[in-house]
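Peer 1: using only what follows, build the 3D model:
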Amino acid sequence: MAERADERIHDLLIVGAGPVGLALALALKDAGLDVVLVDARTRAAVAADPRDLALAHGSRLMLERLGVWEAIPKTAIEHIHISQQGGLGRTLIDAEEHGLPALGYVASAGALAAALRAAVDAAGITVMDETEVTGLIPAADAVTARLGGAGRLAATLRARLAACAEGGLGADDPDVVEQDYHQDALIAVADAAGGHRHTAFERFTGEGPLALLPRGEGYALVHVVRPDRAAALLALDDAGYLARLQAHLGHRVRLTGIGARHRYPLRLRYRRMVAGERTVWLGNAAQTLHPVAGQGFNLALRDVWTLAELLQRRKAEAAAGSAREGAGGQAAAFDPGCAALLAAYARGRDLDRFGTMRFTDGLVRVFSNDFAPLRHARGAALFALDLLPPLRGFIARRMMFGARAWP
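Peer 2: Sure, this is the predicted structure:
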């Protein structure tokens, strides 16, 4: 069957209409670019995504600039309590100490996507739902996307630049680095006596971190354990599992109920290079991190902001060059997929990407063991954090803005 071809060359094709792809489209709505989004899922499926996302203060600032912050249901994190099981030392990070209304927020991925999609639709940006990108073929002047989907004729679409904002990282891709943590995350919603009081808990155990993030009236739970332990914990009834959790948490918080549990294997995966021939990767298409410290989605939004600012700045420079040339001259047209622009994007993301990956990977390695000397060193470090506000401020800024002060 012959393919249907869209003869127009778009400026930007965004693969993935989840929160990352939608945020990129919305960030470019006033840039004068021809943008189209493609997603294999239905719109309803994207909005029904049940995952909870930790949004740092820096992410709030970006979502405010995009005009969607007020439309997102979220729960504020005003305090973060960090401790380790079986050892002394703890620290408490407070939003008030840093002059902020909250250190971060918890929102569902589906609710965030729904708010972004409404704004994208209002801006008149094209979104092709239930359309799968089956291949990207770069060439000198454009990249050709092969499109398919249930009940659709095969088609092609061309763009100067393709931004892959959704999808996993294939282990067979030679540019992808993978590190298996030999840990699984158990995800659930939990209730607590007295509510959450806008306090998040990060409790390090010998197997991995246990995090409780304020969510609605209760908590979003992320419990990291070895794979063999994950299977055993899933087999427990709710009362048995709550008892195991309470043994880890001690007296700090008393859990009273637990929802359905889901299990996810944990690996660090990332692309060595986030830019190729007329293609960039961002969000989960560029890197997937361990959930410790909740940095993954916040890093993705910084990918978005960097790319959007770069595209807008280079387009403005091209327009200024054309104006200088005047009617009698001929300035080079703006090409969002040119090699120089993509190289600049890759350079601009290196510090934040690899700094954040090293930060989270280091936390996993240092805190996910029960080696006695290291346990004592961790306790001393937590004491130091509690006693030294500048050091505590450095950690807080790192969690809120990444490896560099942002935005």
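Peer 1: which strand or helix spans the spatially most central residue of the chain?
Peer 2: The residue lying closest to the centre of the chain (Cα atoms, centre = their mean) is Phe297, at 1.4 Å. In the assignment (DSSP states H and E), Phe297 maps to helix 296-325.
Peer 1: what packs against that helix?
Peer 2: helix 19-27, strand 52-56, helix 57-65, strand 287-288, helix 339-367 (3 or more Cβ pairs under 8 Å, 6 or more residues apart in numbering; DSSP states H and E). Yep, even glycine has a C-beta here, placed from its N, CA and C like the rest.
Peer 1: give me the angle between the third one and helix 19-27.
Peer 2: Think helix 57-65. 50 degrees (axes from the mean of the first three to the mean of the last three Cα atoms, to 10 degrees).
Peer 1: repeat that for the second one.
Peer 2: Going by the same axes, to 10 degrees, strand 52-56 is angled at 50 degrees with respect to helix 19-27.
Peer 1: sheet partners, orientation included, of strand 52-56?
Peer 2: strand 104-108 (antiparallel) (DSSP bridges).
Peer 1: what residues does the partner strand touch?
Peer 2: 49-57, 59-60, 72-77, 200, 213-215, 220, 294, 399-400 (Cβ atoms under 8 Å, 6 or more residues apart in numbering).
Peer 1: just the buried subset of those, please.
Peer 2: 49, 52-57, 59-60, 72, 74-77, 200, 213-215, 220, 294, 399-400 (16 or more other Cβ atoms under 10 Å).
Peer 1: low-scoring stretches of the stretch 101-250 of the chain, by residue?
Peer 2: The stretch 101-250 of the chain contains residues with pLDDT under 70 at 150-153, 168, 170-171.
Peer 1: which residues in it form helices?
Peer 2: Here the stretch 101-250 of the chain has its helices, by DSSP state H, counting those that start in this stretch, at 109-122, 227-235, 238-249.
Peer 1: next, the angle from the first one to helix 19-27.
Peer 2: Counting by the same axes, to 10 degrees, helix 109-122 lies at 30 degrees to helix 19-27.
Peer 1: which strands or helices does helix 109-122 pack on?
Peer 2: Against helix 109-122 (3+ Cβ pairs under 8 Å, 6+ apart) you get helix 19-27, helix 43-47, strand 52-56, strand 126-128.
Peer 1: most tightly packed of those?
Peer 2: helix 19-27 (a mean of 28; mean count of other Cβ atoms under 10 Å).
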